[in-house]
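> Kindly return the folded structure for what I paste below:
(chains A and B)
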2 protein chains.
Amino acid sequence: MSEVMNLAVRARRAAGRLGVTSSAERDGALMAMAAGVRERSGEILDANARDMKAARAGGTPPSLLDRLALDPKRLEAIAQALEALASLPDPIGEIVEGHTLPNGIRLSKVRVPLGVVAIIYEARPNVTADAAGLCLKTGNAVIMRGGSLAAESNMALTRVLAAAAEAAGMPGGCIQSVESTNREAAEELMGLHGHIDVLIPRGGVGLIRSVVENAKVPVIETGVGNCHVYLHEGADLEMARQIVVNAKCQRPGVCNAVESLLVDAAVYEQILPPILGELEANGVVIVGDERVASLGAVQSVEPATEEDWATEYLDLKISVKVVAGLDEAIEHINTYGSKHSEAIVTADYAAAQRFVGEVDAAAVYVNASTRFTDGGEFGLGAEIGISTQKLHARGPMGLSALTSSKFILMGNGQIRE
Amino acid sequence: MSEVMNLAVRARRAAGRLGVTSSAERDGALMAMAAGVRERSGEILDANARDMKAARAGGTPPSLLDRLALDPKRLEAIAQALEALASLPDPIGEIVEGHTLPNGIRLSKVRVPLGVVAIIYEARPNVTADAAGLCLKTGNAVIMRGGSLAAESNMALTRVLAAAAEAAGMPGGCIQSVESTNREAAEELMGLHGHIDVLIPRGGVGLIRSVVENAKVPVIETGVGNCHVYLHEGADLEMARQIVVNAKCQRPGVCNAVESLLVDAAVYEQILPPILGELEANGVVIVGDERVASLGAVQSVEPATEEDWATEYLDLKISVKVVAGLDEAIEHINTYGSKHSEAIVTADYAAAQRFVGEVDAAAVYVNASTRFTDGGEFGLGAEIGISTQKLHARGPMGLSALTSSKFILMGNGQIRE
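Predicted coordinates for the structure are as follows:
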């Protein structure tokens, strides 16, 4: 049996046993996992040091090195996140709906774990602890497959977390990582129909696309955010400036940052210069259409290409387009957006209503920054990712996104006529 | 542009416009579709007669011919089903949850259409009207791809339904069928990632497997039901007999019929003979393990093979196994079942509780026939299929299974600190 299939068989067995644990038992295991991370921090940091050494030798860029690095402070944050999970309410067992059928059968629809969750992700070791904690909280067995850069860190974290969970009474195989970081192991995982109940890819466009193309198991796509802010002719200039600058500059490398700015033709000459000026002052590279370029508001506006409208820069760069009005703005967003987070700035009631009704995205904003699309900000307590597909879960996914349901029917001999 | 891609582009455009129609408009269109089916029944019946003639010439078995055939009575039932849909509450626009964030943004999570729904199904033309109606009700554009046997009937129904919907103000392209019945067209449909929001296969094991293997778009698997009834040692004999006979014989060709009977070793000698006798009297072929065969309760028990335990017969045939007790029954069901509908017959409280907790299936019954797993019986109003996967929807899928959600955030200038 291959490594991956072996993990899958163990995970399925663990899922059966996890499904009958109580909330209190699982929360106890989460606390034990947090303690395990603190107690065995040396082992985890040593593994991370080996990853960092290899990554530096391989010429890994500094931004990636920063995401890869662990230190005592980051480990403490990981432990505290596990403790925070333990204190959240348990979605498992919630009765979602129920009634008594005309024949007397008592029907209830109850939240249950999904079963076996697989996660494929890139080089951030904190995702390992995050995913393990979220899945354990919701009674799911998890199989993780992290990137090769963080291989040693991920295996060390998995060892520590699994040992702590098992010592606290959770079944063996509830938390596992795939050791092989080759392509074949990932593809095998994507093909395990019947063994894996959902596969969640977390990472860049390339990873997500590869999973969507190859997976035979159900997938939840996450994360790609080509987000827009649209400045309607009824926008307040000062509010528009603050929202655009915040959405672009506050943290440009994340999926809910804005990538494209649309402005009504009726107001662009007044409204754009101060905004572009402040973006430029913040180091933002601006590409735009002809009207934006001819404004002369900033030192340099490169011409935007068709590709620019569709690109998630994840960087201090923005594309800017002048549109005829609300219709063109909605059409542009629905054509080029990734259905993640979209905002209009306006003082016009009807425009706001049409925008939220007609823009097809997980989160649609009126007069606020797109940067709020986040499980924590939305009050979901925890987040396993941000779904950009429409099936099962859309937008920030809290604990309930890791659940399914089961109909339970209690009868006393009913048969169908 | 290929036929399928052309349909997909039209469907996406229609979906955008359908998303802003009101319930009253869509319900009016459903009434118009019902009227259309009645007014143009001659055209539909002529097309069906051509399908029937070709099917007979091709040696199609009688059971399939019966599923294919339309007559005025069946067309009237189709029209009435569309009218019944119009009278159901509209799930679109429902606010699923909502609250005001600490920063004052008013957040609501609202039910919206999925967008473009594709359905691949086999030779029952009533599915065409059903799917078109359910999708229109929920504001989704639909692309249908029926089997070649019903090709003329499906195209005629699609023409009539689409014309009626469009005359009632729905956008062109809201109801479409793929005319090509070749394999390539179906595979192209499965590959249209980004164009199709969900693909629902309805049909036999082969069709479902082919879709799961090939699809790059999100899929909801439906319908395969290898269902069990387990007679616990605490079962009432008379209740057990009624439930088993009902679950097997009342309509053996459907997915919620029972395919496998498990009986506790402690009671099988008393409880099985009268049940097997009545099954045999109803024409049921019995395969079983050695203990069942050696009972001599019926004229003939063929030995059950490993394959029998995993087979959905959809016919007057049942496999019977003696188990040591509850543990073995749950283990057997979780190993061989298709996670559809599973029943225990027992008078024992603890056994009932463990069975519903540990059996992994869409619907789990205590003391009732598995035949109730159905949208109508569950009180869902309408049914698009029965999901046997755990993502998005599980068990009978009502109108809400054809919806997604959107977060709407109303602010007044909030930016993220």
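> near chain B at all, stretch A:368-383?
Yes: Stretch A:368-383 lies within reach of chain B by C-beta under 8 Å from any C-beta of the partner chain, at A:A368, A:S369, A:R371, A:F372, A:T373, A:E377, A:F378, A:G379. Glycine gets a C-beta too; all of them are placed from N, C-alpha and C.
> is it possible to export these to a markdown table including secondary structure, pLDDT and neighbour count?
What follows is the residues of stretch A:368-383 next to chain B, written out as a markdown table (DSSP: H, G, I helix; E, B strand; the rest coil; pLDDT from 0 to 100; neighbours: other C-beta atoms under 10 Å in any protein chain shown):
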| residue | secondary structure | pLDDT | neighbour count |
| --- | --- | --- | --- |
| A:A368 | strand | 98 | 30 |
| A:S369 | coil | 98 | 29 |
| A:R371 | helix | 97 | 26 |
| A:F372 | helix | 97 | 27 |
| A:T373 | coil | 96 | 28 |
| A:E377 | coil | 93 | 19 |
| A:F378 | coil | 94 | 21 |
| A:G379 | coil | 88 | 14 |
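> Report the two of those residues separated the most.
A:S369 and A:G379 (16.7 Å; C-beta to C-beta).
> re the thing from before, so can I have a markdown table of the residues of stretch A:368-383 next to chain B showing distance to A:G147?
Supplementary listing: those in a markdown table, determined by distance: C-beta to C-beta, whole Å:
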| residue | distance to A:G147 |
| --- | --- |
| A:A368 | 34 |
| A:S369 | 30 |
| A:R371 | 26 |
| A:F372 | 28 |
| A:T373 | 24 |
| A:E377 | 27 |
| A:F378 | 28 |
| A:G379 | 31 |
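> Just the strands from the stretch 251-400 of chain A, written as ranges.
Assigned by DSSP state E, counting those that start in this stretch, the stretch 251-400 of chain A shows strands spanning A:258-264, A:285-288, A:302-303, A:317-323, A:341-345, A:363-368, A:385-387, A:395-397.
> any idea which of those strands is most buried?
Of all those, strand A:341-345 carries the top mean neighbour count, a mean of 31, counting by mean count of other C-beta atoms under 10 Å in any protein chain shown.
> could I get that one in CSV with only the CA atoms?
The C-alpha trace of strand A:341-345 is given here as CSV (Å, rounded to 0.1, in the frame of the first residue of the first chain):
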residue,chain,number,x,y,z
SER,A,341,-14.8,40.8,-2.3
GLU,A,342,-16.1,43.8,-4.2
ALA,A,343,-16.9,47.3,-2.9
ILE,A,344,-18.8,50.3,-4.1
VAL,A,345,-18.3,53.8,-2.6
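> neighbouring contacts of that strand?
A:225, A:227-232, A:235-236, A:239-240, A:243, A:247, A:256, A:258, A:329, A:333, A:351-352, A:355, A:359, A:361-370, A:373 (C-beta atoms under 8 Å, 6 or more residues apart in numbering or on different chains).
> from the middle of its chain, how far away would it be?
Remark: strand A:341-345 is offset 19 Å from the chain centroid, using C-alpha atoms, centre = their mean, to the nearest Å.
> And for stretch A:270-278?
With C-alpha atoms, centre = their mean as the basis, the mean position of stretch A:270-278 lies at 32 Å from the chain mean.
> Name the residues of it that are buried.
Under the neighbour-count criterion of 16 or more other C-beta atoms under 10 Å in any protein chain shown, stretch A:270-278 has A:I271, A:L272, A:I275, A:L276, A:E278 buried.
> Could you dump the strands of the stretch 251-400 of chain A into TSV with distance to B:L295 added?
Formatted as TSV, the strands of the stretch 251-400 of chain A follow (distance: least, C-beta to C-beta, whole Å):
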stretch	distance to B:L295
strand A:258-264	71
strand A:285-288	80
strand A:302-303	84
strand A:317-323	77
strand A:341-345	65
strand A:363-368	63
strand A:385-387	53
strand A:395-397	52
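> for the residues of stretch A:368-383 next to chain B, which one is nearest B:S153?
Comparing the residues of stretch A:368-383 next to chain B against B:S153 with C-beta to C-beta places A:T373 closest, at 46.3 Å.
> The closest one is in contact with A:V364, isn't it?
No: A:T373 lies out of contact with A:V364 (C-beta atoms under 8 Å); the separation is 10.1 Å.
> Find the residues that touch each one of the two.
Listed as contacting both A:T373 and A:V364 by C-beta under 8 Å, 6+ apart are A:S341, B:F407.
> Could you see whether chain B lies near the longest strand seen in chain A?
Taking DSSP state E as the criterion, chain A has its longest strand at strand A:403-414. Yes: using C-beta under 8 Å from any C-beta, we find that strand A:403-414 touches chain B at A:S404, A:S405, A:K406, A:F407, A:I408, A:L409, A:M410, A:G411, A:N412, A:G413, A:Q414.
> show me the contacts for the last one.
With C-beta under 8 Å, 6+ apart as the criterion, the residues that contact A:Q414 are A:N103, A:G104, A:I105, B:N367, B:A368, B:S369, B:F372.
> With distance to B:V142 as new columns, can those residues be given to me in JSON lines?
As requested, those are exported to JSON lines (distance: C-beta to C-beta, whole Å):
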{"residue": "A:N103", "distance to B:V142": "33"}
{"residue": "A:G104", "distance to B:V142": "37"}
{"residue": "A:I105", "distance to B:V142": "33"}
{"residue": "B:N367", "distance to B:V142": "39"}
{"residue": "B:A368", "distance to B:V142": "34"}
{"residue": "B:S369", "distance to B:V142": "33"}
{"residue": "B:F372", "distance to B:V142": "28"}
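> Report the two of those separated the most.
So, the contacts of A:Q414 by C-beta to C-beta: farthest apart are A:G104 and B:S369, at 13.0 Å.
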